[in-house]
Every structure is written in structure tokens, then in C-alpha cells.
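Q: pasting the sequence and the predicted coordinates here, then a few questions.
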Amino acid sequence: RTSCPIRTWWDDHHSELYKTNDPASLKPAVFVSLGCNKGDDAVEVLAKLSGDSAIQVKDFRTIFEKEAGENAAVRRACLESPPSELDLNHPLWQTKSTRQTHAYCVEAASSTAGILKKTRDIFMDSISKYSTTNLTVTHAAAGANHGVAYFPKVQAGIEYHGMCTVGDQTTKRNCEEVPMYTVDSYIKEVVRDAPPVIDFLSVDVEGFDWDVLGLGGADSTLKRVKYLEFEYHSFGNWPKYTLENATNVLFEKFGMICYYAGIDELWRLTNCFQPYFNRHQWSNVACVNPTLDPLLASRMEDMFQRQLQTNTENEFCESCIWQWRIPCFQRRNYLLGQGMSLDDAKRLVAEQSERCRGLPNGTNIDSASNG
């Protein structure tokens, strides 16, 4: 499934940097999470970027749930809970890190943001004397324009709400006014002392992801982002857009290569797009800039090529080995539903697989990673 990915490619990449004492592991790092909800992911990324073993997701979650009390929704949308402890035998923590790392957590729901700020203060105070990390919580929405937005008045911890509709804004019965940033204005006004490169940008704004990324409000920042994740949905404003157009724009304007992100699996969208990928359904997309991070780009492409080889060697959709939102039997049914014979569908899949072995013109991950 791509709804709740496990990004082993990113974890393993940073483990390798620490294990080999790569100079990149000592440069200041920045993570920006737009729509960070309960903060679990922000804290886990903070720990892994910094290599700071004092930062444990389980400790942050315990504080959040205590501060939230019985009236908050503490159940996660993705049922796969983070490990109770991050593995201290992992190469990330074999050498004490001195890397300065700052995570920025932006949450529009006032109830959740208030608890996050309290949790952040308690949590960071408990490790600040030992740590070179920092976590900033901002109560705001992310959108295509800088200004104000209306967001539902929801129970703390609820994960499924996006911006209010026009009708809700007019009545304001169930909505409240919150500040709204574009990605670029947030970086300029809040992440003022950021290094030249943003290590990781995460966008999870319940159906308004492409408004945030694709309508001009993120153009300056996206040129600086090594790694990007965003959600693709059937609600919010996503029905106005297609995933194919979004990934084309990210490649053509910013040089990003995008993949469907699964559980220890990647399926490339850039130069490998299939028509059924445009189906609007909850899924996650991971993109990398091979110029800014050639080693991560190479790792991600290698993972995809191994997956592609495994699929090609199997009989045509005899076993659903892809854990994607559209399993292989749906892939087969889609092609047959276009009036193709089974033989023609098999032939097309073989041609698609061969095309997917190549990267877009002008992109050479291997030479970039070896240079």
C-alpha cells in the first residue's frame, strides 16, 4: 500500500552517511512538515537526521497523549505504530552525532497545535542539555497564498480535515480563522536561518497538497529541496488535478524524480507513468532531486529497478506482488477493459517495463552519484 509507506530507502541512506562518516552527515539539516498533526513523524525524522539517540518517538507520544487527555483522538490514521524505541544499535547512533538539526512542525488545527506546543516544550526541555536539535511548532495552515484561511474546529488529534468550504467560511459556525503561509513565505519568515538546502519537505494537508506545491507558492523553496513527500487524494482540490501533471511539473521545473512510496518499495512515476496511476485515491509520493542528493537518488532508483525486475520475471499478474493502491490484477483488468486482448495486454506491459528501465532524457543518476 502507498497510503502508509515505510521509507526504508531514506532511513538506510542516512545510516550509510553516518556509518561512513560522510561529510554530509555533519552539515546542518532542516526538515519541514506541513500538516504534522500529532508530530510523530516530525520527531522520528528529527532523530534520524540528527543521529541523536536521546530523541525517541515513544517518549514524545507519551507526553502528547498525557497532555491531550481523554478528549483527544490519539488513534493514528496509519495503524503501523512507530517502534517503541529507535534501535540504538543502528549505524545512525554508533557515533555520537554533533549535527545541528531543526524540524519545523506546521499544524492548522488549533486544538492539536496547542497540545503539540506543550508537548514540544516538555520534550525538548528533557533533552536540551545534551542535544544539538530543535523543534518548532507553528499554528498555521499551508496554502497557495499567504494570508488567512478557515479551518474546522475539530477534536485534538483528528487527522482527516482540510480547509473549510466557502459555505463554512461564510457562516463560520464550525470553522475558525488561522494564519496561512505559502511554502516560500514560511521559509522566509519562520525558517529564516535555514541552510541553503532543505533536507526533507513533507506536505500532508488533506487534499490541498498540489495547491501548496504547484501553484507558485513553493517555487523558490522546491529548488532547494533534496527530498519531498506529499499525499495524493480523492478529496480536497486533488480532483482538479492529475498526478501525471504534478509529477511532470516537479521534474520539468525542479528536476525531481518521483515515485509511489510503499512499504519498503518504490515505483517510479517520472518517465514511467501508467494511465491508471491518475486514479484519485489516498497514496503517498516520494520525490528526490538527484543533483542535490545523488546518493539518495541512486538508492531509490536501485530499489525501483530491483522491484521492476522481480515483477517482469513473474507471469503476467499471476501473483499480486506489488503492494500498491492498484494491485496487479486491477492493472490487468484496466488494460483488458480498454478492449485489449490478453496477448496485447501482456505485450504492452512488457513494453512499459522496458521503458521504465530508462530515466528521463538528460538525467543520469549513476554518473551523478559517482561524480
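A: Arrived safely, thanks for sending.
Q: when you work out contacts or count neighbours from here on, use the C-alpha atoms and nothing else.
A: Noted.
Q: how about the residue most central in space within the chain, secondary structure?
A: Residue closest to the mean C-alpha point of the chain, counted by Cα atoms, centre = their mean, is residue 229 at 2.5 Å. Of the three states, residue 229 takes strand under DSSP: H, G, I helix; E, B strand; the rest coil.
Q: tell me the pLDDT of it.
A: The score at residue 229 is 98. That number is its pLDDT.
Q: thought residue 287 was touching it, still the case?
A: Yes: look at residue 229 against residue 287 with Cα atoms under 8 Å: they come within range, at 6.3 Å.
Q: sorry, back to before: any idea how far the residue nearest to the centre of the chain is from residue 290?
A: From residue 229 across to residue 290, the span is 15 Å (Cα to Cα, to the nearest Å).
Q: picking that back up, and the residue nearest to the centre of the chain, what does it touch?
A: Residues in contact with residue 229, defined by Cα atoms under 8 Å, 6 or more residues apart in numbering, are 200-203, 284-287.
Q: mind listing the strands for this protein?
A: Counting by DSSP state E, one finds strands in the chain at the ranges 29-34, 101-107, 133-139, 141-142, 147-152, 175-181, 198-203, 225-232, 257-261, 266-268, 283-288.
Q: can I get those strands in a markdown table including distance to residue 69?
A: Formatted as a markdown table, those follow (distance: least, Cα to Cα, whole Å):
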| stretch | distance to residue 69 |
| --- | --- |
| strand 29-34 | 24 |
| strand 101-107 | 19 |
| strand 133-139 | 20 |
| strand 141-142 | 24 |
| strand 147-152 | 20 |
| strand 175-181 | 23 |
| strand 198-203 | 27 |
| strand 225-232 | 29 |
| strand 257-261 | 33 |
| strand 266-268 | 38 |
| strand 283-288 | 30 |
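Q: which of the ones you listed sits most buried?
A: Among the strands of the chain, strand 141-142 has the highest mean neighbour count (mean count of other Cα atoms under 10 Å), at a mean of 29.
Q: so for residue 41, which of the strands of the chain sits nearest?
A: strand 29-34 (8.5 Å; Cα to Cα).
Q: contact partners of the closest one?
A: With contacts defined as Cα under 8 Å, 6+ apart, strand 29-34 is touched by 42, 45-46, 49-50, 99-107, 141-142, 194-195, 197-205.
Q: at 7 Å instead, please
A: Under the contact criterion Cα atoms under 7 Å, 6 or more residues apart in numbering, strand 29-34 has outside partners 42, 49, 100-107, 142, 194, 198-205.
Q: can you list the low-confidence ranges for the stretch 251-371 of the chain?
A: 310-338, 345-346, 348-355, 360-371 (pLDDT under 70).
Q: swap in 90 and give it another go.
A: Along the stretch 251-371 of the chain, segments meeting pLDDT under 90 span 262-264, 267, 271-282, 305-371.
Q: please enumerate the helices of it.
A: 294-313, 328-337, 342-355, 365-370 (DSSP state H, counting those that start in this stretch).
Q: same question, the stretch 101-250 of the chain
A: Under DSSP H, counting those that start in this stretch, the stretch 101-250 of the chain gives helices at 110-127, 166-171, 183-189, 209-214, 219-222, 243-254.
Q: where does residue 39 land on pLDDT?
A: pLDDT, residue 39: 93.
Q: contact partners for it?
A: Contact analysis of residue 39 by Cα under 7 Å, 6+ apart lists nothing.
Q: and what of the one 5 residues further on?
A: Under the criterion of Cα under 7 Å, 6+ apart, the neighbours of residue 44 are residue 57.
Q: run the last query once more with 8 Å
A: Contact analysis of residue 44 by Cα under 8 Å, 6+ apart lists 55-57.
Q: and residue 147, what are its bridge partners?
A: In this entry, residue 147 is beta-bridged to residue 180, by DSSP bridges.
Q: next: residue 101.
A: residue 29, residue 133.
Q: look up how far residue 50 lies from it.
A: For residue 101 relative to residue 50 (Cα to Cα), the value is 6 Å.
Q: spit out the residues that contact these two alike.
A: Counting by Cα under 8 Å, 6+ apart, the shared contacts of residue 101 and residue 50 are 29, 133.
Q: got a pLDDT number for residue 71?
A: For residue 71, the model assigns a pLDDT of 67.
Q: quick revisit: nearest to residue 186, of the contacts of residue 229?
A: Nearest to residue 186 among the contacts of residue 229, with distances taken as Cα to Cα, is residue 201, at 12.1 Å.
Q: check contacts around that closest one.
A: Contact analysis of residue 201 by Cα under 8 Å, 6+ apart lists 31-34, 225, 227-229.
Q: any chance of these in JSON lines with distance to residue 261 as columns?
A: Below are the contacts of residue 201 laid out as JSON lines (distance: Cα to Cα, whole Å):
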{"residue": "31", "distance to residue 261": "18"}
{"residue": "32", "distance to residue 261": "19"}
{"residue": "33", "distance to residue 261": "17"}
{"residue": "34", "distance to residue 261": "18"}
{"residue": "225", "distance to residue 261": "18"}
{"residue": "227", "distance to residue 261": "12"}
{"residue": "228", "distance to residue 261": "11"}
{"residue": "229", "distance to residue 261": "9"}
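Q: for residue 11, state which of those residues is nearest.
A: Nearest member of the contacts of residue 201 to residue 11, counting by Cα to Cα, is residue 227, at 12.2 Å.
Q: beta partners for that closest one?
A: For residue 227, the beta-bridge partners are residue 200, residue 288 (DSSP bridges).
Q: how about it, what does it touch?
A: Contacts of residue 227 (Cα under 8 Å, 6+ apart): 198-201, 286-289.
Q: closest one of those to residue 340?
A: residue 286 (31.7 Å).
Q: tell me the contacts of the closest one?
A: Neighbours of residue 286 in contact, by Cα under 8 Å, 6+ apart: 227-230, 258-261.
Q: I am finished for the moment; much appreciated.
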